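Undergrad: got a predicted model here, sequence first, then my questions.
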Amino acid sequence: AQKTLKDVYKDYFSIGVAVAPRNLSGPEAELIKQQFNSITPENAMKMGPVHPEENRYNWQDADAIVEFGQKNGIMVRGHTLCWHSQAPRWFFTDTEGKQVSREQLLARLKQHITDVMSRYKGKIYAWDVVNEAVPDTGKSIYRQSKFYEIIGEDYIEKAFEFAHEIDPSAKLFYNDYNTESAAKREKIYQLVKKLKDKKVPIHGVGLQGHWSIYEPTQQQLEKSIEQFASLGLQVQITELDVSVYPKEHERRQKKDTDQSVYTEEMIQKQSAHYKMLFDTFRKYKGTVTGVTFWNVSDKSSWLDNFPVAGRKDYPLLFDQNYKPKKAFKGVVDFK
Ligand SMILES: OC[C@H]1CNC[C@@H](O)[C@@H]1O[C@@H]1O[C@H](CO)[C@@H](O[C@@H]2O[C@H](CO)[C@@H](O[C@@H]3O[C@H](CO)[C@@H](O)[C@H](O)[C@H]3O)[C@H](O)[C@H]2O)[C@H](O)[C@H]1O
């Protein structure tokens, strides 16, 4: 029988995928049930989509995803309780449109985390409590978000404390991208070390893993896993995809990459890169506790049209017909 990701990795870490309600029926649902034992709502549990108005929640999509998990014995990972992006405008202004005070915003953040986590208590095993709070550039370890401007740096520790109070059994993560860039990794390390030193209830760091066939190197990845694990934190890869195109800054040099053609060279490089990534994840068994892909198959990825409008990407292990790609083989054939 064909090997599946969840069976091959059952002694290593959970294998997940980001989903939207549209993925939970038909051939995609069959692929999800066959290959994965964890799902993450791609958008349904974010502040804006789930809490569009102060006194109105929109639970429909989030409920559908949790019910699918419950019905099929698939764990659910929560994403995300506090993020500067996709945060509803009302969160930061009062009824006259004036910016709210530190106390008001802290109370709203507490209410939001309390309501969302209470609804799914015992049904969500891990949460990205705070997402992308560290800037890519500059000395400060704090992104100048509305949360930081209005509350101050302690909005992060408060969010973790609010979360832990509601569901002490849920594993709580700080989640970010570009975690393999030395400068950004050091700032994230400083942030989470501060939280650990203050005995804030944080259990792990999420490396989003929006990588490409050009980066990271194995050394860079191992350095990130080891640096965060040195604080006694677990590490999860939370939004994995391997674009066949170089990142923006490299792209300008390689003009011909905007053609959306999936070349044999891309297939070879992608297969080798995915193999290196999973060889590395297995090496840190017990530290790397979960790996989640961001979208199900090349049929539809957030990387289609991003950052180049109209450009198709091929970043995942299953092709546009939900069939396993060459890269899949390199990931499951290690025994
Ligand atoms: O950006 C990739 C990752 C990076 N890390 C954090 C992680 O949360 C993020 O995920 C992406 O986060 C993006 C927003 O920042 C999501 O994109 C949003 O995805 C939403 C749902 O499809 C879109 O909302 C729909 O927009 C449509 C037209 O604009 C409207 O008609 C729909 O009603 C509305 O739901 C938003 O415009 C679009 O911005 C992507 O699907 C999602 O994959």
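TA: Yes, it's here. Numbers count the residues shown, from 1 in each chain.
Undergrad: nearest to the ligand: which residue in the stretch 51-200 of the chain?
TA: Nearest residue of the stretch 51-200 of the chain to the ligand (CB to the nearest ligand atom) works out as Ser85 at 5.0 Å. All C-beta spots, glycine's among them, are computed from the backbone N, C-alpha and C.
Undergrad: residue farthest from the centroid of this structure?
TA: Glu96 (35.1 Å; CA atoms, centre = their mean).
Undergrad: wait, Lys326 touches Ser271, no?
TA: Yes - taking contacts as CB atoms under 8 Å, Lys326 lies within contact range of Ser271: 4.6 Å.
Undergrad: neighbour count: the two, which is higher?
TA: Taking neighbours as other CB atoms under 10 Å, Lys326 and Ser271 compare with Ser271 leading, 20 against 15.
Undergrad: quick check: pLDDT value at the more buried one.
TA: Looking at Ser271, its pLDDT is 98.
Undergrad: contact partners for it?
TA: Lys325, Lys326, Ala327, Lys329, Gly330 (CB atoms under 8 Å, 6 or more residues apart in numbering).
Undergrad: need phi/psi at it.
TA: Dihedral angles of Ser271 (phi, psi; degrees, to the nearest 10) stand at phi -60, psi -40.
Undergrad: quick one: it and the ligand, what's the gap?
TA: Distance from Ser271 to the ligand, counting by CB to the nearest ligand atom, to the nearest Å: 23 Å.
Undergrad: use 13 as the first number from now on
TA: Taking 13 as the first residue, the last one we looked at is Ser283.
Undergrad: the strands in the stretch 113-262 of the chain, which residues?
TA: Using DSSP state E, counting those that start in this stretch, the strands found in the stretch 113-262 of the chain span residues 138-143, 183-188, 216-219, 222-224, 246-255.
Undergrad: I'd like these laid out as JSON lines, including distance to the ligand, mean neighbour count and mean pLDDT.
TA: Compiled in JSON lines, the strands of the stretch 113-262 of the chain are given as follows (distance: least, CB to the nearest ligand atom, whole Å; neighbours: other CB atoms under 10 Å; pLDDT from 0 to 100):
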{"stretch": "strand 138-143", "distance to the ligand": "6", "mean neighbour count": "28", "mean pLDDT": "98"}
{"stretch": "strand 183-188", "distance to the ligand": "7", "mean neighbour count": "25", "mean pLDDT": "98"}
{"stretch": "strand 216-219", "distance to the ligand": "10", "mean neighbour count": "27", "mean pLDDT": "98"}
{"stretch": "strand 222-224", "distance to the ligand": "6", "mean neighbour count": "22", "mean pLDDT": "97"}
{"stretch": "strand 246-255", "distance to the ligand": "5", "mean neighbour count": "25", "mean pLDDT": "98"}
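Undergrad: burial count for the residue of the stretch 213-347 of the chain found nearest the ligand?
TA: Scanning the stretch 213-347 of the chain for the residue nearest the ligand gives Trp314, at 3.5 Å (criterion: CB to the nearest ligand atom). The number of residues packed near Trp314 is 16, by other CB under 10 Å.
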